[in-house]
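*Asks:* pasting the sequence and the predicted coordinates here, then a few questions.
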Amino acid sequence: MPAASFIRGSLEDQAAAQPLHAAGTPLRQIAAALGWSYGRASEAVRAIRGLPSDNELRQARRGKTAPEVVPEAPKAEPAAEGKRKPIRISKVATRSVDVPRGVVSRLILTAAQDDTPVHEGFWRNLTAYAAHLDAQLAVGGFTYQLGLFEDHAVATGVYAAELQPYLEFGRVQLGPDLLIVGDANILPTTANPLAGWHTVNGGGHVVIPHARRALETIPRMPGRPPRYVQSTGCCTLPSYTPRASGRRALFHHTYGALLIEIDVDGEVFIRELAAEDDGSFQDLTARVDSGVVTYGHAVAALVCGDDHQAAMDPNIALATWGIDVRTNRQVTSDCLIDLLRPAHQVRHDVLDFRRRNHHDRGSVHSRARMLAAGTTNVEEEVHAAAAFLVATSRPWCQTHQVESNHDDALTRWLRDLKAAEDEENAYYHAELNAAWLRAIRRRDDTFNPIRHAMGAVGGYDNVVDFVGYGRGLRIAGVECGLHGDIGISGSRGSPNQFRRLGDKVVSAHTHSPKIVEGVYVAGVSASLSQGYNDRGPGAWANGHVVIYPSGKRALLCMHPDGRAWAEARGQEGVSLAA
C-alpha cells in the first residue's frame, strides 16, 4: 500500500519524523518535539513503517477487507560508535598491601559522598585522632544521583578538596584476612548496605564504605575464629533527593568511621567511631573534641554478651572482669570493666540452667553425661550463677540482670509438675514453688522466682538490679532491658523487629554481634563451643557493647583468647599507597 493512501502521515510528516524514529525516540517524545498531536505522530510513524492507518484499521474492524500490510523493511543498525551504552564492568582488580608483622598497624576508614561538603568538626577530629594514634586515614567514596549513561565508578566523582589526599577508590586486601571494598559504591539510600558482600573475601573480614552503619557476623565452620562484614559511616553532610527513599536515609545518616587495628600476629580488630552532632566522639576512654585528644573518660554502660555461667569462657571472663572462673576470685584489674569503669553493666542469660533445661530434660544420654560429671543439682547451678554475678560486680558500677530465656527456664521448670518426681531436685522444686504460692496467696504481683532463687546468695540483693520482662532499662537514652527472646506482641524476638521501635536498643540473645539501624546486639561471654551448636556452620562470637555518655555505641568484638583490641607494644599506620 503506497504511503500516499494514508489519511495522515504525509510525505512531509514522514520526512520530519524519520530521524527521531530512527533514533528510537518514543511516540510521545516525537509529538512533543515536532509540536504535533499524538495521533499525527502515530500516523507518521505508521507510514514510515508501512503499516495501515488508524482509519483503515477502523474500516477493517467494521467488516471490510483487511488492509494489505507491507512488511517493514529491515533497518541497518546504527554505527557502534554512535550508540550510547551504559558503563559496564567485566572484572575487578584487587590490590594487596603487605602488613608488617611485629608491630600494631592502624587505619581509620570513613566514607564520603561525591559533590558533598564534609562535616568540618568531625573531619578535624578524625585527622587529629589519626595523627595521635599514628594511624593512616583513608576515605572510601560513593556516588549518588548519576544518570544511566554516566560513569558510576567512585573514582569519577568530585569530592571535597580536603579529602583528596585520603581517597581510596579500589579494593585493597590488607593481609590475608581483611578486604576493603573501596569500589562498592552502594547508594546511600540502600537499607542494608551489607547485602551480598559476606563471601567476597572468602570468609574473611569485609569493610564497605557507606553512609549507614551496619555489621553482621559471617557464618563459618566450627573451630574457625569469628569474622565480620561491616560498613563505615561517613564524614560528609547529608545530601539526598526529597523523595521517600532519601527522607528515610536522612534519618539513618551516620557520622562515623572504623578504627582498624592489626595486631602483631595478624589478627584484625575493628571498632566503630560514632560522632555526635558537633563532630566530637569517644573511643573507649579517649575523647576527641575540637581536634584535641584527652583520656580518662568513663563510659556509661558495658552491655555484656550472654553469660551462661555454667559454660563461661575462662578467657572472656578474665579479660572482661579479671576473674578466675575456677575460684570465682578477681586476679587482675587489667580487664575491661576496670579500664572502662562503666556506671552500669548489663548482664544477660546469667543462669544457663543446663542441668534441667527443657531441651535436654527428656534425654537419657544428656542426663547420663551430667550424672557422670556430677552436674545434676539445680540449686548448686542457681547459686553458682548468682555468686558469679556478685563476684563480677563493682561498688562504683550498678549491675543489672536482664531476665532472659535461660533464666526463665527455671520458671518453666517450676511450672512442670513432673519435675517434682526428680529425686535429687524435688526438695528445691518444692521450696521455690512454696515461696511462689505464698506470694500468690498474699497477692504479691512483684514476686519473681528467678530473683527469689538467686537472692538466696549473700550480697546478691545488695548489688544486683533485677530487670524483669517488660520493665525496660534506659541508659544514656538507649533501651537496654530487652534480652531479645521476646518480640513485638509476644512474638519471637529478633534484631530486625527491634529496629522498628522508636528507641535505640542494645539486646543480646542471638550470640552473634550485629548492628542493624538503631539496634546493636551483644555476642556471648560463654564458650563458642557448647556441643549442640557444633553440628554445622555458625555465627556465634564473643563480644560486648559499649555505651558512651552521649548515647553513641560501639561493639567490642573479642577474639577467643580474650583480646578486644590490639594489645602489643609498638605501632605504625598501615600504608595503603600502591
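*Replies:* Perfect, I can see it now.

*Asks:* hmm, residue 385 is touching residue 307, no?
*Replies:* Yes - with contact defined as C-beta atoms under 8 Å, residue 385 reaches residue 307; the gap is 7.5 Å. In this view, the C-beta of every residue, glycine as well, is placed from N, C-alpha and C.

*Asks:* between these two, which contacts overlap?
*Replies:* Common contact partners of residue 385 and residue 307 (C-beta atoms under 8 Å, 6 or more residues apart in numbering): 350, 352.

*Asks:* show me the shaky parts of the stretch 151-300 of the chain.
*Replies:* Scanning the stretch 151-300 of the chain for pLDDT under 70 picks out 151-157.

*Asks:* what packs against the lengthiest strand in the chain?
*Replies:* Ordering each strand of the chain by length in residues (DSSP state E) puts strand 104-113 first. For strand 104-113, the elements it packs on are helix 120-133, strand 136-142, strand 256-262, strand 571-573, judged by 3 or more C-beta pairs under 8 Å, 6 or more residues apart in numbering; DSSP states H and E.

*Asks:* looking at the ones you listed, which is nearest to residue 348?
*Replies:* strand 256-262 (25.6 Å; C-beta to C-beta).

*Asks:* could you chop this protein up by domain?
*Replies:* 3-75, 94-296+564-573, 301-548 (automatic domain parsing).

*Asks:* report the buried residues of the lengthiest helix in the chain.
*Replies:* The residue-count maximum for a helix in the chain (DSSP state H) belongs to helix 426-441. Buried residues in helix 426-441, defined by neighbour count with 16 or more other C-beta atoms under 10 Å: 428, 429, 432, 433, 435, 436, 439.

*Asks:* what does it contact?
*Replies:* 378, 379, 410, 413, 414, 419, 420, 422, 447, 449, 452, 453.

*Asks:* which outside residues touch the helix or strand in which the fourth one is found?
*Replies:* By that I understand residue 413. Using DSSP states H and E, residue 413 maps to helix 405-415. With C-beta under 8 Å, 6+ apart as the test, helix 405-415 has contacts from 306, 308, 349-353, 356-358, 378, 382, 401, 419, 429, 432-433, 436, 449-450, 453, 469, 483, 485, 509.

*Asks:* any of the residues you listed buried? List them.
*Replies:* 306, 308, 349-353, 356-357, 378, 382, 401, 419, 429, 432-433, 436, 449-450, 453, 469, 483, 485, 509.

*Asks:* could I have stretch 119-132 exported to CSV, CA atoms only?
*Replies:* Provided in CSV are the C-alpha atoms of stretch 119-132 (Å, rounded to 0.1, in the frame of the first residue of the first chain):
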residue,chain,number,x,y,z
HIS,A,119,31.4,17.7,58.4
GLU,A,120,34.2,20.1,59.4
GLY,A,121,34.1,19.3,63.1
PHE,A,122,34.2,15.5,62.6
TRP,A,123,36.8,15.7,59.9
ARG,A,124,39.0,17.8,62.1
ASN,A,125,38.7,15.3,65.0
LEU,A,126,39.3,12.3,62.7
THR,A,127,42.6,13.8,61.4
ALA,A,128,43.6,14.7,64.9
TYR,A,129,42.9,11.2,66.2
ALA,A,130,44.7,9.5,63.3
ALA,A,131,47.8,11.6,64.0
HIS,A,132,47.6,10.9,67.7
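
*Asks:* mean confidence score for it?
*Replies:* Stretch 119-132 shows an average pLDDT of 97 in the prediction.

*Asks:* can you list the buried residues in it?
*Replies:* In stretch 119-132, counting by 16+ other C-beta under 10 Å, buried: 119, 121, 122, 123, 124, 125, 126, 127, 128, 129, 130.

*Asks:* could you dump those to JSON lines with distance to residue 324?
*Replies:* As requested, those are exported to JSON lines (distance: C-beta to C-beta, whole Å):
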{"residue": "119", "distance to residue 324": "46"}
{"residue": "121", "distance to residue 324": "45"}
{"residue": "122", "distance to residue 324": "42"}
{"residue": "123", "distance to residue 324": "45"}
{"residue": "124", "distance to residue 324": "45"}
{"residue": "125", "distance to residue 324": "40"}
{"residue": "126", "distance to residue 324": "40"}
{"residue": "127", "distance to residue 324": "43"}
{"residue": "128", "distance to residue 324": "40"}
{"residue": "129", "distance to residue 324": "35"}
{"residue": "130", "distance to residue 324": "38"}
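
*Asks:* out of those residues, who's nearest residue 565?
*Replies:* residue 129 (14.5 Å).

*Asks:* that closest one is in contact with residue 282, isn't it?
*Replies:* No - applying C-beta under 8 Å as the test, residue 129 and residue 282 come out as separate, 10.7 Å apart.

*Asks:* nearest spatial neighbour of residue 338, skipping sequence neighbours?
*Replies:* Closest residue in space to residue 338, ignoring its immediate chain neighbours: residue 322 at 6.5 Å, by C-beta to C-beta, 6 or more residues apart in numbering.

*Asks:* for the one you found, what are phi and psi?
*Replies:* Main-chain torsions, residue 322, degrees, to the nearest 10: phi 70, psi 30.

*Asks:* next one: residue 339
*Replies:* Note on residue 339: its backbone torsions stand at phi -80, psi -40 [degrees, to the nearest 10].

*Asks:* quick one, what contacts residue 295?
*Replies:* Counting by C-beta under 8 Å, 6+ apart, residue 295 makes contact with 285, 286, 287.

*Asks:* now do the second one against residue 406, distance only.
*Replies:* Here the criterion is C-beta to C-beta, to the nearest Å. By it, residue 286 lies 35 Å from residue 406.

*Asks:* cheers, nothing more for now.
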